[in-house]
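>>> Sharing a model that was predicted from the sequence below.
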Amino acid sequence: MSNPLILILMGLVLIFAAGVLFWPEKGFFAKRKKHKWKKTRVFIEDALKHLYDCEYKKINCSVNSIAGNLSIGGDHAAKLIARLEAMGLITSLADNLQLTPEGRSYALRVIRIHRLWERYLADETSIGETDWHNRAEEQEHVLTVDEANYLAAQLSNPLYDPHGDPIPTASGELPVPKGKSLISMANGESAQIIHIEDEPPEVFAQLAALGLYPGVNIRMIDLSKDRIRFAANGEECILAPIFANNVTVAPVPERDKYVTEYRTLSSLEIGEGAVVIGISKACRGQQRRRLMDLGVVPGSKITAELKGVGGDPVAYNIRGATIALRKEQAKQIYIKVSKEEMAEA
């Protein structure tokens, strides 16, 4: 005859095991189902983003393009498209997939979160630009609409992300694309970078390493089928056409033309003085605020006083105080060296 205590213990174990496996929301199967849905949701939202990107650029979207963009097999892409159609988010016309109004609205919500988060990382943190995209990819599937709206308000409702992509409004509005590719410039022509494509990451990393970002003024030196040579921030850059195609330019706004006319602080010799004209748009977030707190604002008189061992950092006198700046920091500060400006300052 079985011991009643053993039977009770066995029953408790079975009840506990059943709870672990089947408990609503917190049980093993509930968590597994939730995890599976989250994974499916990521694919759905990434596919909608790709569809909207194709629509925005006026190019066709197909099963193959979705498979390539999401790095999945053709069968997986076909099943995903069937699911999107069943959800009423897309329609299929011949070999071209199109978003329905509901699908477009959903895609814009995801894109809004992604670009707002990149803007936040650029302006409020010291995270490197090559990490912005992946961090935003994680948050776009997590943040709610209300959280995104709150973030937008905290950032003063920015219009563009740090790559120059427009941020959809809360109602899903976006401006019409503008500008032209860097490879369409003529020799001797000047322009300003307004957008840099952040995918694929390997290409973006090289563009970032050259110091290219929205707001940089450039001048085309030589363009051929094998390479493109241009000046950016006073330095010569060389790119393969396939890389340069990821850069969009537009005419230089009047307010930003000083970038091509003035020097950077790093070029100042010891004992030489100048007047601060502005700070590069590549200097963001905490670093930009620190420079402004130190008095590096338009109109301030600044003098190079002393070089450190090896020439870096350099001590500068600004508004009666001495500050030390690394060469990389000084290269982001625009100055004007002129007797008239110095006398007025």
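Sure thing, it's come through.

>>> Output the below-cut-off pLDDT ranges for this structure.
For the chain, the stretches with pLDDT under 70 are 1-2, 7, 11, 16-37, 234, 254-262, 338-345.

>>> can you map out the helices along it?
Remark: helices assigned in the chain by DSSP state H are 4-22, 28-56, 63-70, 74-86, 101-124, 129-139, 145-154, 201-209, 241-244, 258-261, 285-293, 327-330, 339-344.

>>> Could you export these to JSON lines, including columns for mean neighbour count and distance to P168?
For every residue, glycine as well, the C-beta is placed using N, CA and C. Formatted as JSON lines, those follow (neighbours: other C-beta atoms under 10 Å; distance: least, C-beta to C-beta, whole Å):
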{"stretch": "helix 4-22", "mean neighbour count": "10", "distance to P168": "42"}
{"stretch": "helix 28-56", "mean neighbour count": "16", "distance to P168": "9"}
{"stretch": "helix 63-70", "mean neighbour count": "17", "distance to P168": "19"}
{"stretch": "helix 74-86", "mean neighbour count": "15", "distance to P168": "20"}
{"stretch": "helix 101-124", "mean neighbour count": "21", "distance to P168": "4"}
{"stretch": "helix 129-139", "mean neighbour count": "16", "distance to P168": "14"}
{"stretch": "helix 145-154", "mean neighbour count": "14", "distance to P168": "10"}
{"stretch": "helix 201-209", "mean neighbour count": "15", "distance to P168": "21"}
{"stretch": "helix 241-244", "mean neighbour count": "17", "distance to P168": "27"}
{"stretch": "helix 258-261", "mean neighbour count": "16", "distance to P168": "29"}
{"stretch": "helix 285-293", "mean neighbour count": "14", "distance to P168": "23"}
{"stretch": "helix 327-330", "mean neighbour count": "17", "distance to P168": "34"}
{"stretch": "helix 339-344", "mean neighbour count": "11", "distance to P168": "42"}
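
>>> With G188 as the reference, name the closest of the ones you listed.
Closest of these to G188 is helix 258-261, at 12.9 Å (criterion: C-beta to C-beta).

>>> which residues does the residue lying closest to A274 once chain neighbours are set aside form a beta bridge with?
With C-beta to C-beta, 6 or more residues apart in numbering as the criterion, A274 has its nearest non-adjacent residue at 3.9 Å, and that residue is I335. Beta-bridge pairing for I335 (DSSP bridges): R263, V276.

>>> Begin at 755 from now on, thanks
All right, first residue 755 from here; so that's I1089.

>>> pretty sure I1089 contacts V1029?
Yes: contact criterion C-beta atoms under 8 Å: I1089 and V1029 qualify, at 6.4 Å.

>>> Would you mind grabbing the residues shared as contacts by the two?
Common neighbours of I1089 and V1029, using C-beta atoms under 8 Å, 6 or more residues apart in numbering, are I1056.

>>> out of the two, which sits in the busier spot?
In this view I1089 and V1029 are compared by other C-beta atoms under 10 Å, and I1089 has more residues nearby, 25 against 20.

>>> so how far is N987 from that one?
Here I1089 is placed at a distance of 13 Å from N987 (C-beta to C-beta, to the nearest Å).

>>> Residues that sit against both of those two, list them.
Residues touching both I1089 and N987 (C-beta under 8 Å, 6+ apart): T1018.

>>> Tell me which of the helices of the chain lies nearest to P920.
Nearest of the helices of the chain (C-beta to C-beta): helix 855-878, 7.8 Å.

>>> Could you check the angle the closest one makes with helix 883-893?
Helix 855-878 runs at 140 degrees relative to helix 883-893, counting by axes from the mean of the first three to the mean of the last three C-alpha atoms, to 10 degrees.

>>> Would you pull up how far helix 855-878 lies from the middle of the chain?
Relative to its chain's centre, helix 855-878 lies at 11 Å (C-alpha atoms, centre = their mean, to the nearest Å).

>>> thinking E989 is in contact with G965, fair?
Yes: the criterion here is C-beta under 8 Å, and E989 meets it with G965 at 7.4 Å.

>>> Compare the two (neighbour count), which wins?
Counted by other C-beta under 10 Å, E989 and G965 do not tie: G965 has more neighbours, with 16 against 11.

>>> what about the closest residue to the more buried one other than its chain neighbours, how many neighbours?
Using C-beta to C-beta, 6+ apart and skipping the chain neighbours, the partner closest in space to G965 is N987 (6.2 Å). Neighbour count of N987, defined by other C-beta under 10 Å: 20.

>>> What of P912?
17.

>>> Having no further points to raise, I will conclude here.
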